[in-house]
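S.K.: Please find the sequence and the predicted model below.
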Amino acid sequence: MPGAQSRVCAYHRRECEGEALKAIGSHAAADRLHVDLQCPGKHIGGQAARRQLNTMNATLLSATAALFGAAIGGLTSLVTQRTQARAEWLAHDRIRRQDLYREFIEQASQCYVHALQHKEPDVTALVSLFAKISRMRVQSSTEVSIEADQIGRKIVDTYDAPEKTFVELREMLADGSIDILNRFSDLCRDEFDSLRSEQF
């Protein structure tokens with residue numbers, strides 16, 4: 001009997017301990033609930049912080065995108081302006097050369113015909129002709145300026161040659177030898193083609 005009483009006592013003791021643990025667990029849960037009810041901002045504040053962080057990230061991304069967009073737009077505008085400025089400069093340069101070459105061709109033709117028929121040079125006309133050649137050394141390609149200089153020298157040398165009669169001039173016109181500007185015209189055309197490719 002004493003052994004049976006001991007087992008009964010042990011059984012009741014375990015039951016009492018189990019009830020005590022349940023009570024402790026209930027109290028702990030109640031305490032946590034009490035704390036959550038007393039401090040509702042604990043969880044709400046975390047969510048608000050996350051929302052604020054997301055908003056800040058979105059704002060930062062928008063600002064960065066706007067900054068890059070402005071930089072790219074400014075660079076594109078600068079490139080466009082420089083391209084337009086270069087195109088305008090090339091267009092004006094082309095017009096200046098066209099005017100210069102037209103004046104040179106007209107005056108060189110007159111000087112050459114005069115040199116074929118006279119011994120005394122037209123100094124004023126020659127000075128004006130070589131002034132245009134000097135301008136070509138500044139504005140034109142090397143090929144064009146060299147050819148213009150050779151034309152000027154040929155005109156000057158022609159004054160030392162015997163004077164041509166009208167019949168001789170007609171023969172020169174027929175065989176093309178009177179045209180000393182043919183190669184010059186071809187070089188000018190090539191130069192204009194090169195300028196056009198640079199412009200576009």
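M.R.: Structure's in. What do you need?

S.K.: C-alpha only now, for contacts and for neighbours.
M.R.: OK.

S.K.: any low-confidence regions in the chain?
M.R.: Scanning the chain for pLDDT under 70 picks out 1-49, 52-58, 60, 63, 65-66, 68-71, 73-75, 78-79, 199-200.

S.K.: and Asp160, how many residues sit next to it?
M.R.: Asp160 is flanked by 14 other residues according to other Cα atoms under 10 Å.

S.K.: Give me the secondary structure label for it.
M.R.: For Asp160, the secondary structure call by DSSP: H, G, I helix; E, B strand; the rest coil comes out as coil.

S.K.: do the same with the one 4 residues further on
M.R.: Remark: Lys164 carries the secondary structure label coil [criterion: three-state DSSP].

S.K.: show me the contacts for it.
M.R.: Leu116, Gln117 (Cα atoms under 8 Å, 6 or more residues apart in numbering).

S.K.: What values do phi and psi take at it?
M.R.: Reported as degrees, to the nearest 10, the phi and psi values for Lys164 are phi -90, psi 140.

S.K.: right, and the helix or strand after the helix or strand harbouring Arg153?
M.R.: Counting by DSSP states H and E, the element that carries Arg153 is helix 142-158. Next along the chain after helix 142-158, taking DSSP H and E as the criterion, comes helix 166-175.

S.K.: okay, that following helix in CSV with CA atoms only?
M.R.: Included here for helix 166-175 are C-alpha records, laid out as CSV according to Å, rounded to 0.1, in the frame of the first residue of the first chain:
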residue,chain,number,x,y,z
PHE,A,166,42.9,85.5,-136.0
VAL,A,167,43.3,82.3,-138.2
GLU,A,168,45.7,80.9,-135.6
LEU,A,169,43.3,81.7,-132.8
ARG,A,170,40.5,79.9,-134.7
GLU,A,171,42.8,76.8,-135.1
MET,A,172,43.6,76.8,-131.4
LEU,A,173,39.9,77.1,-130.6
ALA,A,174,39.2,74.1,-132.9
ASP,A,175,41.8,71.8,-131.4
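
S.K.: what's around Asp190, how many residues?
M.R.: As a burial measure, the neighbour count of Asp190 was computed by other Cα under 10 Å and equals 12.

S.K.: Now do the same for it: helix, strand or coil?
M.R.: The three-state label for Asp190, taken from three-state DSSP, comes out as helix.

S.K.: Would you mind measuring from it to Arg82?
M.R.: To Arg82, Asp190 is 26 Å away according to Cα to Cα, to the nearest Å.

S.K.: hmm, who's touching the helix holding Arg153?
M.R.: The set of residues that contact helix 142-158 without belonging to it, under Cα under 8 Å, 6+ apart, is 108, 111-112, 115-116, 121, 129-130, 133, 136-137, 180-181, 183-184, 187-188.

S.K.: quick one: buried residues of it?
M.R.: Val144, Ser145, Glu147, Ala148, Asp149, Ile151, Gly152, Ile155, Val156, Thr158 (16 or more other Cα atoms under 10 Å).
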